[in-house]
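K.L.:
Could you look at this predicted model? Sequence included:
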Amino acid sequence: SPMYQSINCLFSVLCPSFEVSKELLRYQDIEVNYEKVRQVSLELSTACMEKRCSIQLEKNETLSGKQVIIAMDGGRTRTRVYGAGKTGRTEKFDTPWREPKMFVITTCDANGKVNKERKPIYDGTFGDDETFDLLAAYLKNLEVDKAKEVQFLADGAPWIWNRVKSTLLRLGVAEEKITETLDYYHAIEHLNDMKAYFDKDKQTSHFDQLKEALWQGDFKEMTRLITTGIKGVSLEEFTPYKYFKKQQNRIDYQSLRDSNRPCGSGIIESGIRRIINLRFKSPSTFWYPQNVEKLIFMRGIALSGRWEIMMKNKFT
């Protein structure tokens, strides 16, 4: 029944393992073995994936007129890949680490903060282009071209920033409505890597000023402090500086603070931990790539509070 499928799959993606899910089902007077739990969960996940970019959306849900926030990052999980020969009758397999890329779509409230009244949308897949294609499909369904503004937050990964603006422009978002933001906490980590290069007599004074210049989003002042605080530095060859030069249009933190908008990508960092790491990064657990993607999708729906929406769309 739909209710049985729902409970089975929900427990499977929320519990730390299929085995724990089986025991929890037993407490609900549902006697089932490990393989049946796994089978039913994957069957429902497979069916939901057929309408992947709409099944967790409410009827007529739209981003029209909204201040949209999109954040993206990558997680880690170990996969199971056969083809390494046999040991006796047992087929051997490799266990390479893979990086499922995940995004979140949400909106700001009237005060510019992340809107906690609106359920976020999480999803992700393997592959750089594939992740942006999936994101684009969601945004098209949500009419992102009618959004008031779109802010995209991420760390400094080139695979992300090389695709952000072109994807949004292709969907019809006006360029002046797009704000790209480098996660402040990743930026400060890169800034701290630079401290050891400063002359000893300037490591405190100049570096404190450098952090303040970053917080103000003042790239020119950052450049001045680096050239006066580090002897003999060639900016064109100085890797820590080149990082910020590439990101200089994404560090306008003062303007973001003035409008009460987020400077960090904590919403996706938290999502990676809760959705991927706590369930699919367990020791000695190896996943078929095609299966783990389905279960990540379903766990994201569950943890975002969209499970009932998904079930209604699936069975009505």
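P.N.:
Arrived safely.
K.L.:
For residue 226, list the residues it contacts.
P.N.:
194, 210, 233, 235, 238, 241 (CB atoms under 8 Å, 6 or more residues apart in numbering). Backbone N, C-alpha and C define where each C-beta goes, glycine included.
K.L.:
so residue 72, which of the three states?
P.N.:
Assigned with DSSP: H, G, I helix; E, B strand; the rest coil, residue 72 falls in the strand class.
K.L.:
In contact with it: list those residues for me.
P.N.:
Residue 72 touches 101, 102, 103, 104, 131, 135, 152, 153, 154, 160, 268, counting by CB under 8 Å, 6+ apart.
K.L.:
returning to that earlier point: filter the contacts of residue 226 down to the buried ones and express that as a PyMOL selection.
P.N.:
Entered in PyMOL, the line below selects the buried ones among those, by 16 or more other CB atoms under 10 Å:
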select buried, resi 194+210+233+238+241
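K.L.:
nearest to residue 282, of the contacts of residue 226?
P.N.:
residue 194 (36.5 Å; CB to CB).
K.L.:
circling back: lowest-confidence entry in the contacts of residue 226?
P.N.:
Among the contacts of residue 226, residue 233 has the lowest pLDDT, at 81.
K.L.:
my read is that one is in a helix, agree?
P.N.:
No: if the criterion is three-state DSSP, then residue 233 is coil and not within a helix.
K.L.:
Hmm, residue 225 and it touching each other?
P.N.:
No: contact criterion CB atoms under 8 Å: residue 233 and residue 225 do not qualify, at 11.3 Å.
K.L.:
do you know how far residue 128 is from residue 60?
P.N.:
To residue 60, residue 128 is 32 Å away according to CB to CB, to the nearest Å.
K.L.:
oh sorry, the question was meant for residue 17
P.N.:
Counting by CB to CB - residue 17 and residue 60 are separated by 38 Å.
K.L.:
In terms of neighbours, single out the busier of these two.
P.N.:
residue 17 (14 against 6; other CB atoms under 10 Å).
K.L.:
quick one, phi psi at the residue nearest to that one when sequence neighbours are not counted?
P.N.:
Spatial nearest neighbour of residue 17, excluding adjacent residues (CB to CB, 6 or more residues apart in numbering): residue 282 at 7.4 Å. Per-residue torsions, residue 282: phi -70, psi 150 (degrees, to the nearest 10).
K.L.:
Number of residues surrounding residue 282?
P.N.:
Neighbour number of residue 282 under other CB under 10 Å is 14.
K.L.:
Residue 213 too?
P.N.:
20.
K.L.:
for residue 181, phi and psi?
P.N.:
phi -130, psi 120.
K.L.:
Tell me what it is bridged to.
P.N.:
residue 153 (DSSP bridges).
K.L.:
what about it, distance to residue 241?
P.N.:
Residue 181 is 20 Å from residue 241, by CB to CB.
K.L.:
related to what we said a few turns ago, select from the contacts of residue 72 every entry located in helices.
P.N.:
131, 135, 160, 268 (DSSP state H).
K.L.:
Now list the buried members of the residues you listed.
P.N.:
131, 135, 160, 268.
K.L.:
For residue 177, state which of the residues you listed is nearest.
P.N.:
residue 135 (16.6 Å).
K.L.:
That closest one contacts residue 68, correct?
P.N.:
No: the criterion here is CB under 8 Å, and residue 135 misses it with residue 68 at 11.8 Å.
K.L.:
Quick check: neighbours shared by these two?
P.N.:
Joint contacts of residue 135 and residue 68 (CB under 8 Å, 6+ apart) are residue 105.
K.L.:
who's in contact with residue 112?
P.N.:
Residue 112 neighbours (CB under 8 Å, 6+ apart): 67, 259, 260, 261.
K.L.:
I meant residue 50, not that one.
P.N.:
Applying CB under 8 Å, 6+ apart, no residues contact residue 50.
K.L.:
From residue 262, how far off is it?
P.N.:
Applying CB to CB to residue 50 and residue 262 gives a distance of 34 Å.
K.L.:
Closest one of the buried ones among the ones in helices among the contacts of residue 72 to residue 246?
P.N.:
residue 160 (12.3 Å).
K.L.:
so the closest one touches residue 153, yeah?
P.N.:
No: using CB under 8 Å, residue 160 is not in contact with residue 153; the gap is 9.8 Å.
K.L.:
so what's residue 286 closest to, chain neighbours aside?
P.N.:
Nearest non-adjacent residue to residue 286 (CB to CB, 6+ apart): residue 80, at 4.0 Å.
K.L.:
Likewise for residue 163?
P.N.:
Nearest one to residue 163, counting by CB to CB, 6+ apart, is residue 132 at 4.8 Å.
K.L.:
where's the one you found relative to residue 53, distance?
P.N.:
From residue 132 to residue 53 the distance is 13 Å (CB to CB).
K.L.:
Show me which of those two is the more surrounded one.
P.N.:
Set side by side, residue 132 and residue 53 show more neighbours around residue 132, with 22 against 18, by other CB under 10 Å.
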